[in-house]
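K.L.:
Sharing a sequence plus its predicted fold:
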Amino acid sequence: MKKFIGYTLLTLIAVSCGAPSGHFRIEGRLRSFNQGEFYVYSPDGGKAGIDTIKVSEGRFAYETRLEEPATFVIVFPNFSEQAVFGESGATATISGDASHLKEMEVKGTKTNEQMTEWRLMAGRLTPPEVKREAENFIKKNPTSPISAYLLRRYFVDNAQPDFKKASQLANVMAKADRQNIQLDLLAKSMARQKDIEVGSKLPTFSAVDLDGKTVNNSNLKGKLNIVTTWASWSYDSQNIQRMLNRCKKDYGSKLAIVSICIDASISECRRRIANDSLKWSTICNGNMWDSPVLKSLSIANVPGNIVCDADGKIIARDLKADKLEEKIKEVLKNVER
């Protein structure tokens with residue numbers, strides 16, 4: 001009887017430490033972060049849309065339905081990101097200091113603890129070294145969900161994607177696990193991005209801007225056309241917006257612009273637009289990266305931009321502010337107003 005009671009108590013304790021079957025839970029405590037919120041989304045379909053996680057006295061908890069393993073990405077107030085790997089019935093526990101998020105730890109499952117170990121190691125390396133370590137990890141652990149995340153993070157959804165290397169690594173993963181659904185999603189992402197390289201035509205897209213108007217390819221009928229991404233937390237992207245505003249005043253209808261804001265707060269997006277007196281169409285649905293138009297155009301970074309000529313042919317991508325301004329002047333200087 002005592003053994004039975006002891007076994008029952010252990011079982012109850014074990015259950016209380018995890019999420020119910022069919023659910024996944026994220027909980028934790030961050031020092032130096034008393035009140036506020038951050039966001040969570042799933043790049044591989046673990047959940048649709050984006051959710052808000054409230055923080056009170058440094059503590060937070062989030063639970064969602066989950067039957068199959070999935071990757072969740074937490075976006076913090078400074079818009080740094082942290083991958084958390086979900087499993088049915090599991091709880092991931094986050095701890096650390098909000099002023100040193102790179103040193104944050106995620107525990108509760110073997111995969112999350114392995115990712116924490118890798119991330120802490122990578123935090124001491126240079127960007128090229130991090131990329132090499134990501135490649136090494138994928139080759140050594142081709143069936144790990146961490147590998148799918150690293151492949152997407154460092155070789156596909158990147159300001160400078162390396163599709164050749166990504167394809168090589170994806171083949172390594174496919175040979176180890178023919179049933180890897182995430183590889184199908186990555187393959188589709190790579191295919192979209194390859195279709196939107198310099199020299200190709202801008203894909204068809206359609207969205208609704210902040211004024212409730214439909215925005216699509218027909219809005220880009222200038223002698224030079226630019227689709228650009230920005231966010232209230234990215235100084236570089238706002239610098240590009242202000243530069244484009246100056247150029248728009250100089251070149252008028254010869255320069256057509258559509259902006260995509262990835263802010264979670266639509267009101268903050270509107271405030272920034274009003275402050276900078278931006279007059280062109282801005283798309284912002286509050287879903288950050290989980291936006292159909294971003295997927296249609298395969299834009300995965302902020303700041304990001306696609307530059308097209310009058311025929312919709314892509315002539316440049318992801319230019320820095322100074323190079324983008326040079327390109328605008330180069331193309332439009334000899335065009336009559």
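P.N.:
Noted; the coordinates are in hand.
K.L.:
Might you list the low-confidence residue ranges for the stretch 101-250 of the chain?
P.N.:
158-159, 178-195 (pLDDT under 70).
K.L.:
Which parts of it are strands?
P.N.:
For the stretch 101-250 of the chain, the strands defined by DSSP state E, counting those that start in this stretch cover 105-107, 206-208, 214-216, 224-230.
K.L.:
out of those, deepest packed?
P.N.:
strand 224-230 (a mean of 26; mean count of other Cβ atoms under 10 Å). Just so you know, the C-beta spots here come from the backbone N, C-alpha and C atoms, and that holds for glycine as well.
K.L.:
any chance of the strands of the stretch 101-250 of the chain in TSV, with distance to residue 71 too?
P.N.:
Below are the strands of the stretch 101-250 of the chain laid out as TSV (distance: least, Cβ to Cβ, whole Å):
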stretch	distance to residue 71
strand 105-107	12
strand 206-208	26
strand 214-216	30
strand 224-230	22
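K.L.:
wait, which of those is closest to residue 30?
P.N.:
Judged by Cβ to Cβ, the one of the strands of the stretch 101-250 of the chain that comes nearest to residue 30 is strand 105-107, at 11.0 Å.
K.L.:
in its sheet, what does the closest one sit against?
P.N.:
If you go by DSSP bridges, strand 105-107 pairs up with strand 90-97 (antiparallel).
K.L.:
Name the residues that touch the partner strand?
P.N.:
In this structure, residues lying in contact with strand 90-97 by Cβ atoms under 8 Å, 6 or more residues apart in numbering are 17-19, 24-32, 74, 82, 84-86, 103-109, 112.
K.L.:
Please identify which of the strands of the stretch 101-250 of the chain is closest to residue 278.
P.N.:
Taking these one by one with Cβ to Cβ, strand 224-230 is closest: 9.6 Å.
K.L.:
Stretch 34-47: how far from the chain's middle?
P.N.:
In terms of Cα atoms, centre = their mean, to the nearest Å, the centre of stretch 34-47 is set 11 Å apart from its chain centre.
K.L.:
Check which residues of that stretch are buried.
P.N.:
38-44, 46-47 (16 or more other Cβ atoms under 10 Å).
K.L.:
ends of it, how far apart?
P.N.:
End-to-end span of stretch 34-47 (Cα to Cα, to the nearest Å): 27 Å.
K.L.:
so what's residue 217 up against?
P.N.:
Counting by Cβ under 8 Å, 6+ apart, residue 217 makes contact with 202, 204-205, 312.
K.L.:
shouldn't residue 71 be in contact with residue 145?
P.N.:
Yes. Residue 71 is within contact range of residue 145, at 6.2 Å (criterion: Cβ atoms under 8 Å).
K.L.:
what about residue 68, neighbour count?
P.N.:
11 (other Cβ atoms under 10 Å).
K.L.:
same thing with residue 110?
P.N.:
When counting by other Cβ under 10 Å, one arrives at 12 neighbours for residue 110.
K.L.:
Need the buried ones from the contacts of strand 90-97 selected in ChimeraX.
P.N.:
Here is the ChimeraX command that selects the buried residues among those (16+ other Cβ under 10 Å):
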select :18,19,24,25,26,27,28,30,74,82,84,85,86,104,106,108,109,112
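K.L.:
just the helices in the protein please.
P.N.:
Using DSSP state H, the helices assigned to the chain run over residues 2-17, 110-122, 127-140, 145-151, 163-176, 181-194, 235-251, 266-276, 292-297, 321-332.
K.L.:
Need the CA coordinates for the shortest one. CSV is fine.
P.N.:
In other words, helix 292-297. Extracted as CSV, the C-alpha positions of helix 292-297 are listed here (Å, rounded to 0.1, in the frame of the first residue of the first chain):
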residue,chain,number,x,y,z
PRO,A,292,1.3,36.0,-46.4
VAL,A,293,2.8,38.9,-48.4
LEU,A,294,6.3,38.3,-46.8
LYS,A,295,6.0,34.7,-47.8
SER,A,296,4.9,35.6,-51.3
LEU,A,297,7.9,37.8,-51.8
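K.L.:
Which strands and helices lie in contact with that helix?
P.N.:
Contact analysis of helix 292-297 by 3 or more Cβ pairs under 8 Å, 6 or more residues apart in numbering; DSSP states H and E lists strand 206-208 as its packing neighbours.
K.L.:
Paired strands for the strand it packs on, with orientation please.
P.N.:
Sheet pairing for strand 206-208, assigned by DSSP bridges, gives strand 214-216 (antiparallel).
K.L.:
Give me the residue at the spatial middle of the protein.
P.N.:
Taking Cα atoms, centre = their mean, the centroid of the chain lies closest to residue 289, which sits 5.0 Å from it.
K.L.:
From residue 35, how far out is it?
P.N.:
25 Å (Cβ to Cβ, to the nearest Å).
K.L.:
before we move on, what about residue 334?
P.N.:
Residue 334 is 55 Å from residue 35, by Cβ to Cβ.
K.L.:
do residue 130 as well
P.N.:
Distance, residue 130 to residue 35, by Cβ to Cβ: 33 Å.
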